[in-house]
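> Any chance you could fold what I've pasted below:
(chains A and B)
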Number of protein chains: 2
Amino acid sequence: MRSIRPAIEGHSMKAKVHVTLKQGVLDPQGKAVQHALEALGFGGVADVRQGKFIELELTETDPAKAETEVEAMCRKLLANTVIEDFRVDIVEG
Amino acid sequence: MRSIRPAIEGHSMKAKVHVTLKQGVLDPQGKAVQHALEALGFGGVADVRQGKFIELELTETDPAKAETEVEAMCRKLLANTVIEDFRVDIVEG
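Residues are numbered from 1 along each chain as shown, chains lettered A, B, ... in the order given. Model (predicted):
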């Protein structure tokens, strides 16, 4: 397991964004992966949910401002907030 | 930032899998996202890389066995190891 280093003000930064389907929203892609795993002989999988992982390299050097900016990006483009949740982690670049 | 709880033997478990393009592999989807962000007025983005985030609910209760199993799933189905890297985190379900 890799630990996430927190961002330090003045350093270059990265944002790690996870976009996942909200609980209760059907995930046909996840189901397809689950069935494919079963067909390959991997029986011990009760459920699969597939989401997106987006890494952004930022020129902003203030972690708080970067977080606000990336959250706005998620709401405007990266996530469909009707059916998806998102999580933003700002880390040292 | 959410901390990842390590898995405890005997408890139900989840695997969190990140599949990302290897460094140097062209990411046209990431570039499309970067250009769309620029068009929306988000100028401070130097680079975007898009990967997959897959959550698996497992019936296996031994964390070490679960990790080996999920790594095999990645090599066989979830990741294309010619162009993609993967990372597996086993956590309490």
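> pLDDT wise, what is residue A:1 at?
pLDDT for residue A:1: 39.
> Please apply the same query to residue A:57.
For residue A:57, the pLDDT comes out at 97.
> Report the separation between it and residue B:26.
Remark: distance between residue A:57 and residue B:26 (CB to CB, to the nearest Å) = 16 Å. Where C-beta positions appear, they are placed from N, C-alpha and C, glycine not excepted.
> Repeat that for residue A:52.
For residue A:52 relative to residue B:26 (CB to CB), the value is 18 Å.
> Looking at the two, which one has more neighbours?
Remark: of residue A:52 and residue B:26, residue A:52 carries more neighbours, 19 against 9, as counted by other CB atoms under 10 Å in any protein chain shown.
> So what does the more buried one look like in phi/psi?
The phi/psi pair for residue A:52 (degrees, to the nearest 10) reads phi -110, psi 150.
> So it sits against residue A:29, correct?
No. Residue A:52 lies out of contact with residue A:29 (CB atoms under 8 Å); the separation is 10.8 Å.
> So the residue most central in space within chain A: helix, strand or coil?
Central residue of chain A (CA atoms, centre = their mean): residue A:18, 0.8 Å from the mean position. The three-state label given to residue A:18 by DSSP: H, G, I helix; E, B strand; the rest coil is strand.
> who's it bridged to?
residue A:53, residue A:87 (DSSP bridges).
> Please list all residues in contact with it.
A:51, A:52, A:53, A:86, A:87, B:53 (CB atoms under 8 Å, 6 or more residues apart in numbering or on different chains).
> Mind doing that once more with 7 Å?
A:51, A:53, A:86, A:87, B:53 (CB atoms under 7 Å, 6 or more residues apart in numbering or on different chains).
> In terms of pLDDT, where does the residue lying farthest from the centre of chain A sit?
Seen from the C-alpha centroid of chain A, the residue lying at the greatest distance (CA atoms, centre = their mean) is residue A:41, 28.4 Å away. In the prediction, the pLDDT value recorded for residue A:41 is 97.
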